[in-house]
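> Sharing a model that was predicted from the sequence below.
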Amino acid sequence: MNQPQIRATDDERNQVLAVLSQAMSNGQLDFAEFDERTQAVTQAKYREDLLVPLRDLVPDPNKVISTDIVRRPDSELATSAQTISSSSHGDEFSFSLMGGTEKKGAWTIAPAHTSITVMGGNIIDLTKATFAGRDVTINAWAFMGGIDILVPEDIRIKCDGVAVMGAFEIKDDREVTIVLNDLPENSPTLRVTGLVLMGGVTVKRVRR
């Protein structure tokens, strides 16, 4: 008798996406291949469907799905589903004066991005962004204004800015399930630094 097919879970899809992201950053996949495979993974209904995108990347996809990915979320394979580009090009600057700017959707952030607001507000949404490099630094400067940075929960965060009559802070959305300190050392990293004067910079971790 044939074994019944097992439905894939969101966690399993996310872990396979992490393997594909790692494969692209290693040069095993080009962007077109990565895009095609990630679409197949997000649309997968059954665990068997998750094996196909892995067959030429790992020796035994069945073993990966059943152990390394599902039961070892802290393994090196399960680092992050963040899209990382081998190019160093990307958006380097955002600015607002008594107004606001917003970076969101499918965009590429440079390895070093400077965001400045004066009596205004900036939003930097990284949930669908591509990192131009494995690690990204945002230099945030807020003067009587605020900068909100939305970051997927599988990205490591280092926040070391200086605040005068204001705050640099990291917050977790209530749907976040991954503890920041539990992320592997080889996960993509976002560093947020800069200066706040009578304002605030908030880094909000959200579910991918």
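That came in fine, so what should we check first?
> what are the ranges of the strands in the protein?
83-84, 91-97, 100-103, 108-118, 121-125, 130-131, 135-143, 146-152, 156-159, 162-164, 167-172, 189-197, 200-206 (DSSP state E).
> Domain-wise, how is this structure divided?
With domains defined by automatic domain parsing, the chain comprises 10-78, 85-206.
> hey, least reliable of those by pLDDT?
Looking at the domains of the chain, the lowest mean pLDDT belongs to domain 10-78 (a mean of 72).
> Could you give the number of residues near the closest residue to residue 5 other than its chain neighbours?
Nearest residue to residue 5 in three dimensions, chain neighbours excluded: residue 46, at 4.4 Å (Cβ to Cβ, 6 or more residues apart in numbering). C-beta here means a position set from N, CA and C on the backbone, and glycine is covered the same way. As a burial measure, residue 46 scores 12 neighbours (other Cβ atoms under 10 Å).
> if I look at residue 46, how far off is residue 126?
As for residue 46, its distance to residue 126 is 31 Å (criterion: Cβ to Cβ, to the nearest Å).
> Longest helix in the chain, please.
helix 10-25 (DSSP state H).
> Which elements pack onto that one?
On a contact count with 3 or more Cβ pairs under 8 Å, 6 or more residues apart in numbering; DSSP states H and E, helix 10-25 meets helix 31-42, strand 83-84.
> List the buried residues for the longest one?
Under the neighbour-count criterion of 16 or more other Cβ atoms under 10 Å, helix 31-42 has 34, 37-38, 41 buried.
> Could you verify my assumption that residue 197 touches residue 140?
No. Counting by Cβ atoms under 8 Å, residue 197 does not reach residue 140; the two are 11.7 Å apart.
> neighbour-wise, which of these two wins?
residue 140 (29 against 15).
> So for that one, what's the nearest residue that isn't a sequence neighbour?
Nearest to residue 140 is residue 194, by Cβ to Cβ, 6+ apart, at 3.9 Å.
> hang on, the earlier thing: just how off-centre is the longest helix of the chain within its chain?
12 Å (Cα atoms, centre = their mean, to the nearest Å).
> same check, this time on stretch 118-129
Per Cα atoms, centre = their mean, the centroid offset for stretch 118-129 relative to its chain is 15 Å.
> which residues touch that stretch?
Contacts with stretch 118-129, where a contact means Cβ atoms under 8 Å, 6 or more residues apart in numbering, come from 83, 94-109, 113, 115-116, 138, 142-152, 155, 190, 206, 208.
> so how far is residue 157 from the closest residue to residue 134 other than its chain neighbours?
Leaving aside its chain neighbours, residue 134 sits nearest to residue 188 (5.2 Å; criterion: Cβ to Cβ, 6+ apart). Distance, residue 188 to residue 157, by Cβ to Cβ: 10 Å.
> again, but for residue 107
Counting by Cβ to Cβ - residue 107 and residue 157 are separated by 19 Å.
> Looking at the two, which one has more neighbours?
Shown here are residue 107 and residue 157; by other Cβ under 10 Å, residue 157 has more neighbours (17 against 14).
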